[in-house]
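Participant: Give me the fold of what follows.
(chains A, B, C and D)
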2 protein chains.
Amino acid sequence: MPATIKDIAKKIGKSTTTVSRALNDFDDISPETKDLVRQAAEDLGYIPNIMAQRLQKRQTDTIGLIVPTSGPRFSDPFFSEFIAGIGNKAAQMGYDLLVSTREPGDQELEAYRHNIRSHRVDGFIVVRTRRQDARINLLRKIGFPFAAFGRTDGDLDFPYVDEDGELGMKLVIDYLAKLGHKRMGVIAPPGDLEFSRYRLNGIRAKFVELGLAEKDLIVVQGDLTQRSGYEQANNLLDMPNPPTAIAACNDLMAFGAMSAAQMRGLVVGRDLSITGFDNIPMTEHSHPPLTTVNQPIYQIGSMVCEMLVKRICGEAADLEQVLLTPSLIVRQSCGPAPLA
Amino acid sequence: MPATIKDIAKKIGKSTTTVSRALNDFDDISPETKDLVRQAAEDLGYIPNIMAQRLQKRQTDTIGLIVPTSGPRFSDPFFSEFIAGIGNKAAQMGYDLLVSTREPGDQELEAYRHNIRSHRVDGFIVVRTRRQDARINLLRKIGFPFAAFGRTDGDLDFPYVDEDGELGMKLVIDYLAKLGHKRMGVIAPPGDLEFSRYRLNGIRAKFVELGLAEKDLIVVQGDLTQRSGYEQANNLLDMPNPPTAIAACNDLMAFGAMSAAQMRGLVVGRDLSITGFDNIPMTEHSHPPLTTVNQPIYQIGSMVCEMLVKRICGEAADLEQVLLTPSLIVRQSCGPAPLA
DNA sequence: TTGAAAGCGCTAACAC
DNA sequence: GTGTTAGCGCTTTCAA
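Facilitator: Residues are numbered from 1 along each chain as shown, chains lettered A, B, ... in the order given. Sure thing, here's the model as predicted:
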């Protein structure tokens, strides 16, 4: 049985009130009493019972994260880094991180409601936002604190951190075009994800801006897994007039595309150029190392978390919205367009 | 302000006790009253305040997971799958999952102590066990519930799930030997990890059993990242008499090794054989697809979680210890040993 | 500067 | 069957 505030009170012959206030460093407690209390607390190995504090404060000091997973095997390096970013910042700010996973849909929404209504968390971090995001609509409707990684269609009246995917893809297309590529394949993310829209917009805009023919931009859609990158790259390469470059909208799909190309005996970076997006650590040591757009996921996790905590504490000045500027990380997966 | 049992009590003109018992389906409450209560609860949108319940029950219904990370960029597909496995099972059993990350060491241990003493969690899942595991020693000493993924040196008097890494690596070595490889490189995990010992044991035992010369087994050590696989493979291949096969002790390092080989113009599966361990989803669509040892991480997470919950509830019959039998997944990263 | 008393929302021992 | 009372461990009026 761990020591309680009552034990301390008894030990030093004071009231629990005094002990509580001393522990919380109120300034209506004499320094001597404070010392006394602290000493006793130390001696007894006192640790506050967090549940009691939470009940009393009607606050949980806990942040919720419901990771949207699809399918049983869920294995995305992206998320471990994101969780680490949130988790470390949360710990630093004295918050716990409650993690669960749910497939997008009703169950997922129900999980949000449940966690809120049972007072499990003080706020949510919403990740991988969708164009019409039921999670955000819900949270917004009931006025529950949250911060998002990513934006949505429509009203953007909530705190978020995002990277400018439009610009990111423009950098990619520009780079590819400078290498002489005129016919490009794009492996897009699922269309319901908001970042899909931005990235695709950037691609199309740049393509047009460069005066390339629209018919030379071939967009196929993947589901962010390596497998889908593999499959979609095959679809692209099976075309009668295949593109000379493939821009995948995340690194995992880019890896899949690399495999597909290599399976056909193509040398990536020479016969076919491939790019990714995210700059996960593995990009550095793939073969060839992947040219990609940097997205500092760990820091984003950290930022979103901080944003949310500020909201929860009510010290959020104005609506915080951060749009990060991406940069292109050039490695060896691209080369000049082969002569036709 | 959400409804409380007091509100329900008031509404139907009964005591809070009655309401509480009706809600918990005690059998000393008349069916009519139960219906009445349930109806009122429904009407008021009542949801129990979890913190109050936890305080009262002196139980948190929460499982802790402290992910051991090294370095700032932590991005391992292994862990996202493991977390998903635990998380889903936990949710299904009515438990929350509290996740944090800590570098192995004092801070990490302190995090365990802190979570325990502040009554944040009812039990821990310990992952990536070490030969001398301070976490397990601590937990064992204070008698706090836990279940581990992996074993340790010495007394194994705790519940765990592990895969038989010794056998797993034997399968690998046997397979490589059958392909004619006589000189092999091994990229081992950090020596303080328990699974390192088993896997290495398996390798050495099989090597000897097959009558191969000990000097033809070259062991180097990585840190489980792709980068280290890359570096260590280079070290191996730089040797005057390089091995014809490299067995990496996890998939990520195997990928790094593949890159290193390919950078040198070697064709993996022909000029050099490479194997991994884990069978993460990416192995299926790498180039070439990786031959590896299957380890059902999602299920393991699930099993460990269930084990722990049973322990917490005191319904753990005997000490549960599970050792899974590995299987070799043969894909295309290995081939016959090239003629000298 | 300190303490008594009330209460956060829920459960449980014991009476009626 | 149901209600009274007490209490989980903590914080917070309000009085002294």
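Participant: Which residues of the stretch 151-300 of chain A lie near chain B?
Facilitator: A:225-227, A:229-230, A:252, A:255-256, A:258-259, A:262-263, A:280-282, A:284-289, A:298 (CB under 8 Å from any CB of the partner chain). Just so you know, the C-beta spots here come from the backbone N, C-alpha and C atoms, and that holds for glycine as well.
Participant: part of a strand, is residue A:148?
Facilitator: Yes. Using DSSP: H, G, I helix; E, B strand; the rest coil, the assignment for residue A:148 is a strand.
Participant: neighbours around it, how many?
Facilitator: Counted with other CB atoms under 10 Å in any protein chain shown, residues neighbouring residue A:148 total 27.
Participant: Does residue A:298 touch residue A:87 like I think?
Facilitator: No. Applying CB atoms under 8 Å as the test, residue A:298 and residue A:87 come out as separate, 10.2 Å apart.
Participant: which one of the two has more residues nearby?
Facilitator: Legend: neighbour count by other CB under 10 Å for residue A:298 and residue A:87, higher for residue A:87 (28 against 21).
Participant: just checking, next helix/strand downstream of whatever helix or strand the more buried one lives in?
Facilitator: Assigned by DSSP states H and E, residue A:87 belongs to helix A:77-92. Helices and strands here follow DSSP H and E; after helix A:77-92, the next one along the chain is strand A:96-102.
Participant: Buried residues, the strand or helix carrying residue A:202. List them.
Facilitator: Residue A:202 belongs to helix A:194-209 when assigned by DSSP H and E. If you call a residue buried by 16 or more other CB atoms under 10 Å in any protein chain shown, then helix A:194-209 has these buried ones: A:194-200, A:202-204, A:206-207.
Participant: go on, stretch A:91-105?
Facilitator: Buried residues in stretch A:91-105, counted by 16+ other CB under 10 Å: A:91, A:93, A:95-102, A:104.
Participant: how far does stretch A:98-108 stretch from start to finish?
Facilitator: When the termini of stretch A:98-108 are compared using CA to CA, to the nearest Å, they are 15 Å apart.
Participant: Could you do stretch A:107-126 as well?
Facilitator: End to end - CA to CA - stretch A:107-126 spans 15 Å.
Participant: Give me the distance between it and the centre of its chain.
Facilitator: Mean-position distance between stretch A:107-126 and its chain equals 18 Å (CA atoms, centre = their mean, to the nearest Å).
Participant: That stretch and DNA strand D in contact?
Facilitator: No. Shown here: stretch A:107-126 not in contact with DNA strand D (CB under 7 Å from any atom of the strand), separated by at least 13.5 Å.
Participant: now check that stretch, is it near chain B?
Facilitator: Yes. Stretch A:107-126 lies within reach of chain B by CB under 8 Å from any CB, at A:111, A:114, A:117-120.
Participant: repeat for stretch A:93-105
Facilitator: Yes. Judged by CB under 8 Å from any CB, stretch A:93-105 and chain B are in contact via A:96-101.
Participant: and residue A:171, which of the three is it?
Facilitator: Recorded secondary structure, residue A:171: helix (three-state DSSP).
Participant: What's the separation between it and DNA strand C?
Facilitator: Distance, residue A:171 to DNA strand C, by CB to the nearest atom of the strand, to the nearest Å: 52 Å.
Participant: Which pLDDT value belongs to the nearest residue to that residue once chain neighbours are set aside?
Facilitator: Closest residue to residue A:171 apart from its sequence neighbours, by CB to CB, 6 or more residues apart in numbering or on different chains: residue A:328 at 4.3 Å. Per-residue confidence (pLDDT) for residue A:328: 98.
Participant: Nearest residue to residue A:196 in space, ignoring adjacent ones along the chain?
Facilitator: Here the residue nearest residue A:196, using CB to CB, 6+ apart, is residue A:189, at 4.3 Å.
Participant: For that neighbour, give me the backbone phi and psi.
Facilitator: phi -80, psi 170 (degrees, to the nearest 10).
Participant: what does residue A:22 give?
Facilitator: phi -60, psi -50.
Participant: Just the pLDDT at the residue nearest to it when sequence neighbours are not counted, thanks.
Facilitator: Distance criterion CB to CB, 6+ apart; nearest residue to residue A:22, sequence neighbours excluded, is residue A:37 at 3.8 Å. At residue A:37, the pLDDT value in this model is 92.
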